[in-house]
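Enquirer: Give me a model of this one.
(chains A and B)
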2 protein chains.
Amino acid sequence: MTSNQSINRYKERGVSSSKEEVHEVVDKLDRGCFPGAFCKITNDILTLNDNLCNIIHSDGAGTKSILGYLWYRETGDSSVFKGIAQDSIVMNLDDLACVGVWDNVIISSTVNRNARNFPGEALSSLIEGTEEFIQSLSDFGIKISSGGGETADVGDLTGTVAVDSCAVAVANRNKIVDNSNIKPGQCIIGLSSFGQSTYENKVNSGIGSNGLTSARHEMLSKHYFDQYPETCDPRTGEKYLYCGPYRLQDSFSDSSLKVGEALLSPTRTYIPVLKSIMENYSNNIFGLIHCSGGGQTKCMKFGTNVHHIKDNLFKPPPLFREIQRVSKTNDQEMHQVYNMGHRFEIYCESNCADEIISVAKTFDIDAQIVGRTEDSNKPDKNNHLTIESGDFSIIYE
Amino acid sequence: MTSNQSINRYKERGVSSSKEEVHEVVDKLDRGCFPGAFCKITNDILTLNDNLCNIIHSDGAGTKSILGYLWYRETGDSSVFKGIAQDSIVMNLDDLACVGVWDNVIISSTVNRNARNFPGEALSSLIEGTEEFIQSLSDFGIKISSGGGETADVGDLTGTVAVDSCAVAVANRNKIVDNSNIKPGQCIIGLSSFGQSTYENKVNSGIGSNGLTSARHEMLSKHYFDQYPETCDPRTGEKYLYCGPYRLQDSFSDSSLKVGEALLSPTRTYIPVLKSIMENYSNNIFGLIHCSGGGQTKCMKFGTNVHHIKDNLFKPPPLFREIQRVSKTNDQEMHQVYNMGHRFEIYCESNCADEIISVAKTFDIDAQIVGRTEDSNKPDKNNHLTIESGDFSIIYE
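Expert: This next block holds a predicted model:
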């Protein structure tokens, strides 16, 4: 399969990893007072203090909630939605972390549900999951407060459930991490997305909350198409729907997790380890990137006149290898959709890389130098990216 | 049709005006530092100032977005989504207004869309609508800032589009309007939801953003069931889906608006008039209620040992009368689902009611004393409500 066929496959499911159309609209808007930062940052409207700034950020669990729904329907275990609550929150908190903010954050949640298919016990699990996750961060001295949220019964809008969150902070301007400071000559450390950190109670597959529409349809079998048509867009061709070999309870190569457990691994937050790193090395760090939508190519949006070179990625963990095997997706597409092994990047001075890596390892989070930045080769000095391994070299422009 | 049959009709569409199940879950949560206030208010996590407090609030356009979708599909006019953007924002801002906060608010939006059915031009209209609406408030000296938002392509989650917003403010504790101060012996002023205020460019039907699942299915005809199955929950019985007499472009009794225009009237914000009222009468005002979910019965959740008596409601404007006529819904249910003529209530001293009403009228917003509060008749002193007119007397407990 060529790269274009692979991207078409993605589009046939009504999704896009690059979101060109959305960016065409959104990129016209004001980019805030740190235009190169990972999140939009505005002047301090909330308290009108010139030294402060505001960040309000929205994101959610996307279609990962559908996997939670399938698990719930097949097992009756509503506690799976605790993980979905974590997914939705971490997708916001770890974005905020990229601008240097992880404490004194307030969050709110919006649940758009089909009340028949997603009943009260499932809603309870979502809410309990939110409270428990916030409590777990509090054990690290990280103060997140839940301001409540909204649950809407909108069965005409969804057959299952959409779980979204919003996170807000007021920050000191001089503490903001501004990714426009990513420049040539820096070192890129990747923090692994898989394994089991000291603050997780189970092995993590590394999947996060991106690429789940593809992963679900590529891995799971027609059983789910037959049994749960409410989880499919009827405009998507049947051959792209649940075209994989597995049921949720199946095992797969090299993994102690079942397929369903792996696809549902709650998105790891990097905040405890980042807090520890930033307390000691903030002066040596130039940029932070959450490899969310766009996977390993997310970095291209950030930095000034940079050629991002990643030539020492983690070996992809079992779930990504299996998704690639069953879907025959090429390497270029895989790295655009999935994080492939690390979901967080620290751009720093190379002389403190070893120490930063050591800090990560105290949390049992594997970390390594995954690459570096050089001068952009392009005539217009635009950012570009090369991903290299022994097997392939891919250029993204 | 009896009241129970009518409520069953509502439930057959998978919605509930009283949201018992949601409240069962949510009511266990911490209610914040003003438990009787309209919105949850927390200690000031954002800036850690003992004199301040935080409000983060989420709500959205609900299934009104589906009406926008139908209009867009039938006419090709994507600008209808500007109104949906306003709906989503006002559902938050007017809730915040009930705790006395309407300035220095930041908002964020989340759009969960089916990218095939809700393309880029529709998304553009949503975003333009947001910017234009914020600008229109700025003309009244009301500063709202948009911190951006998230657009997710989730065709497996929705066939159309869900539009939600989150609004955040930091407020002085001593400026908070706390609805626990609603007590016996007060006057209730209603601010009309219909007509054309000085800051609207078209007559408003008064519909707001609540009850739209019912209104859509009761008013619109099977044409929409046949043409747009993506706007129906397949688990809802066909006889409850689009069982009305109208097309969007049809006229109806006593209305200058077409059916579609009336159902899509953008939710009026009361902030300009409230700002003006509160600047002069805040010491005479005890409580503020946005008659959103629950319609005219929303007030029962607020106040201390109160019998709410509403015996002088506005004559319902044409759209509510027509919904009631075609659906044969009884008065009890109508007042639980729709605002029926006023979407905002001011609980105040009776001796300044005339002046407050005069202020509203300078904005061409009709206002009148719609009722009063007396001592609760109940043994446990719980709040209850009586709605009376020449035609009926309804008791809600």
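Enquirer: count of residues packed around residue A:305?
Expert: By the other CB atoms under 10 Å in any protein chain shown criterion, the neighbourhood of residue A:305 contains 16 residues. To be clear about C-beta, it is placed using only N, CA and C from the backbone, and glycine gets the same treatment.
Enquirer: in the stretch 201-350 of chain A, which spans are strands?
Expert: Counting by DSSP state E, counting those that start in this stretch, the segments of the stretch 201-350 of chain A that form strands are A:285-290, A:306-310, A:342-348.
Enquirer: quick one: which of these is nearest residue B:171?
Expert: Each of those was scored for nearness to residue B:171 using CB to CB, and the closest is strand A:285-290 (31.0 Å).
Enquirer: Name the strands paired with the closest one and say parallel or antiparallel.
Expert: Pairing partners of strand A:285-290, with direction, according to DSSP bridges: strand A:342-348 (antiparallel).
Enquirer: neighbouring contacts of the strand it pairs with?
Expert: Residues from elsewhere that reach strand A:342-348 (CB atoms under 8 Å, 6 or more residues apart in numbering or on different chains): A:94, A:179, A:182, A:186-193, A:206, A:208, A:267-268, A:270, A:274, A:277, A:281, A:284-292, A:299, A:303, A:313-314, A:356, A:370, A:373.
Enquirer: What mean pLDDT does that strand get?
Expert: Mean pLDDT, strand A:342-348: 98.
Enquirer: State the number of residues packed around residue A:79.
Expert: Close neighbours of residue A:79, defined as other CB under 10 Å, add up to 16.
Enquirer: How about it, nearest residue that isn't a chain neighbour?
Expert: Spatially, and ignoring its direct neighbours in sequence, residue A:79 is nearest to residue A:125 (5.3 Å; CB to CB, 6 or more residues apart in numbering or on different chains).
Enquirer: swap in residue A:384?
Expert: Spatial nearest neighbour of residue A:384, excluding adjacent residues (CB to CB, 6+ apart): residue A:397 at 4.9 Å.
Enquirer: Quick check: the one you found vs residue B:126, distance?
Expert: Here the criterion is CB to CB, to the nearest Å. By it, residue A:397 lies 30 Å from residue B:126.
Enquirer: Looking at these two, which has the bigger crowd around it?
Expert: For residue A:397 against residue B:126, the residue with the higher neighbour count under other CB under 10 Å is residue B:126, and the figures read 27 against 10.
Enquirer: I'd like the next helix or strand past the helix or strand harbouring the more buried one.
Expert: Element membership of residue B:126, judged by DSSP states H and E, is helix B:120-138. Counting by DSSP H and E, the element after helix B:120-138 in chain order, helix or strand, is strand B:144-153.
Enquirer: Just the CA atoms of that next one, as PDB, please.
Expert: What follows is strand B:144-153 as a C-alpha-only set of coordinates in PDB (Å, rounded to 0.1, in the frame of the first residue of the first chain):
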ATOM      1  CA  ILE B 144     -15.600  38.500  26.900                       C
ATOM      2  CA  SER B 145     -12.500  36.900  25.400                       C
ATOM      3  CA  SER B 146     -12.400  33.800  23.300                       C
ATOM      4  CA  GLY B 147      -9.500  31.500  24.100                       C
ATOM      5  CA  GLY B 148     -10.100  29.400  21.100                       C
ATOM      6  CA  GLY B 149     -11.300  25.800  21.200                       C
ATOM      7  CA  GLU B 150     -11.300  22.400  19.800                       C
ATOM      8  CA  THR B 151     -12.800  20.900  16.700                       C
ATOM      9  CA  ALA B 152     -12.900  17.100  16.600                       C
ATOM     10  CA  ASP B 153     -13.800  15.000  13.600                       C
END
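Enquirer: Tell me the strands beside it, with direction?
Expert: Looking at strand B:144-153 with DSSP bridges, its partner strands are strand B:105-113 (parallel).
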